[in-house]
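# starting from these lines, generate the structure:
(one chain, ligands or ions: 1)
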Amino acid sequence: MQQATAIAHPNIALIKYWGKRDSRLNLPAVGSLSITLDALCTRTRVCFDSTLGADSFLLDGVGADARRVTACLDHLREAARIDTRARVESSNDFPTAAGLASSASGFAALVVAADAALGLGLPAEKLSMHARRGSGSAARSIFGGFVEMSRGRRQDGTDAVARPLLAAEDWPLEVVIVITDSDAKSLGSSAAMMSTESAPYYAAWVRSSHPDLRAAREAVLAHDFDALANVSVHSCLKMHALMMAARPPVMYWNAATVACVRRITALREAGLAVFYTIDAGPQVKAICQPEARDAVEHALHSIPGVAELRRSGLGGAAHVAEGAA
Ligand code: PMV
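Sure thing, here's the model as predicted:
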């Protein structure tokens, strides 16, 4: 038996990945930029066992569909030249599949654990590539802090890779995660992405992502909070507008999502260093300077429909859990 356990953290995109240029290889249509959250955590144990006839997958203690896990492990098995099946057990300390990027941390943890179990010792860029095949955003969760993911141009996707952009300790922003609904979402991001390619301005979305990415990269490197806030909010709303313009339309927001957006906008207009982003779900993430965090939490917790607030710093590259089998 070859086994290992790994820990990975979700990341949230400030410049969004939405749309695929190759769905078989899971290559993104646009580049993206994210922050990895140190307070939320996925823990995954992978055990390759020659007595197994098929991979099995336990997610938060419940048997789950193993197909995406198998597809991801197959690439690592190929690299290790083995055919042994695996038992995979994964748990999240936050709501699963609810727009909190559990697939990002999930596939990052899976790849890191499988790499360790098989003794492959792949470099981080290769781990990131394998994670991307499971879930596009997972490529970024291999790294901590601020991370940039290139769209790439090559057909084989070898240049569609994530790279660390800035260490968390170099600009320690904080995030208040506002959970407005902890149920699993009804439409997964892959299906939603495919349908939004029917939106009339999909091509404009792809084209306009390049200047957004450049502006965000420059803002991060210059520690320019206002510039990062402006381009991040723009990227977020542009992505959701694209979803709403698809046929059929995709609408992840609920009433509390909208109320949080309005409240955060008002706080920013009043001079607080805070902005928001929203992914494929109704949760809102408020990104702020550390000194603004208490005021942000205070303003958001009383909004009707807000179920829970979680706070997080940045950090957390995916890693093998020391001492765990
Ligand atoms: O990695 P996926 O397929 O779950 O897609 C992620 C999509 C967003 O979270 C909405 C944006 C992003 O860049 O993470």
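# so what's the closest residue to the ligand within the stretch 51-200 of the chain up against?
In the stretch 51-200 of the chain, no residue comes nearer to the ligand than S137, which is 3.2 Å away by Cβ to the nearest ligand atom. Yep, even glycine has a C-beta here, placed from its N, CA and C like the rest. S137 sits next to 11, 13, 17, 32, 34, 101, 103-104 when contact means Cβ atoms under 8 Å, 6 or more residues apart in numbering.
# how about 10 Å then?
Contacts here follow Cβ atoms under 10 Å, 6 or more residues apart in numbering; on that basis S137 touches 10-13, 16-17, 28, 32, 34, 101, 103-105, 107-108, 131, 149, 162, 189, 279-280.
# so which of those residues sit within helices?
Counting by DSSP state H, the part of the contacts of S137 found in helices is 103-105, 107-108, 131, 189.
# any chance of those in CSV, plus pLDDT, neighbour count and distance to the ligand?
Output for the ones in helices among the contacts of S137, formatted as CSV (pLDDT from 0 to 100; neighbours: other Cβ atoms under 10 Å; distance: Cβ to the nearest ligand atom, whole Å):
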residue, pLDDT, neighbour count, distance to the ligand
S103, 89, 24, 5
A104, 94, 31, 6
S105, 96, 32, 11
F107, 97, 30, 8
A108, 97, 38, 11
A131, 96, 30, 10
S189, 83, 22, 4
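# what's around the residue in the stretch 201-325 of the chain that the ligand sits nearest to, how many residues?
Among all residues of the stretch 201-325 of the chain, D279 sits closest to the ligand, at 3.8 Å; criterion: Cβ to the nearest ligand atom. If you count neighbours by other Cβ atoms under 10 Å, D279 ends up with 26.
# how about A255?
A255: 12 neighbours (other Cβ under 10 Å).
# before we move on, the earlier item: give me the pLDDT value at the residue of the stretch 51-200 of the chain closest to the ligand.
S137 carries a pLDDT value of 95.
# again with the one 10 residues further on
According to the per-residue confidence, V147 scores 98 in pLDDT.
# again with A324
Looking at A324, its pLDDT stands at 62.
# please identify the helix or strand for M239.
helix 225-244 (DSSP states H and E).
# okay, angle between the very next helix or strand once past that helix and helix 225-244 too, please.
Note on helix 225-244: by DSSP H and E, the next helix or strand toward the C-terminus is helix 255-269. Relative orientation of helix 255-269 and helix 225-244, computed by axes from the mean of the first three to the mean of the last three Cα atoms, to 10 degrees: 150 degrees.
# against which helices or strands is helix 255-269 packed?
Packing partners of helix 255-269 (3 or more Cβ pairs under 10 Å, 6 or more residues apart in numbering; DSSP states H and E): strand 174-179, helix 225-244, strand 274-277, strand 284-288, helix 293-301.
# try 6 Å
In terms of contacts (3 or more Cβ pairs under 6 Å, 6 or more residues apart in numbering; DSSP states H and E), helix 255-269 is packed against strand 274-277, strand 284-288.
# would CSV of these with mean pLDDT and mean neighbour count be doable?
Compiled in CSV, the helices and strands packed on helix 255-269 are given as follows (pLDDT from 0 to 100; neighbours: other Cβ atoms under 10 Å):
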stretch, mean pLDDT, mean neighbour count
strand 274-277, 98, 26
strand 284-288, 97, 27
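# and the ones you listed as a markdown table, adding distance to A116?
Putting those into a markdown table (distance: least, Cβ to Cβ, whole Å) gives the following:
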| stretch | distance to A116 |
| --- | --- |
| strand 274-277 | 32 |
| strand 284-288 | 30 |
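# redo these as TSV? Include distance to the ligand.
As requested, these are exported to TSV (distance: least, Cβ to the nearest ligand atom, whole Å):
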stretch	distance to the ligand
strand 274-277	9
strand 284-288	11
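# state the distance from the residue nearest to E197 when sequence neighbours are not counted to the ligand.
Nearest residue to E197, sequence neighbours excluded (Cβ to Cβ, 6 or more residues apart in numbering): G19, at 6.2 Å. From G19 across to the ligand, the span is 10 Å (Cβ to the nearest ligand atom, to the nearest Å).
# how about the helix holding M239 and the ligand, touching?
No: on the criterion Cβ under 6 Å from any ligand atom, helix 225-244 is out of touch with the ligand, staying 6.6 Å away.
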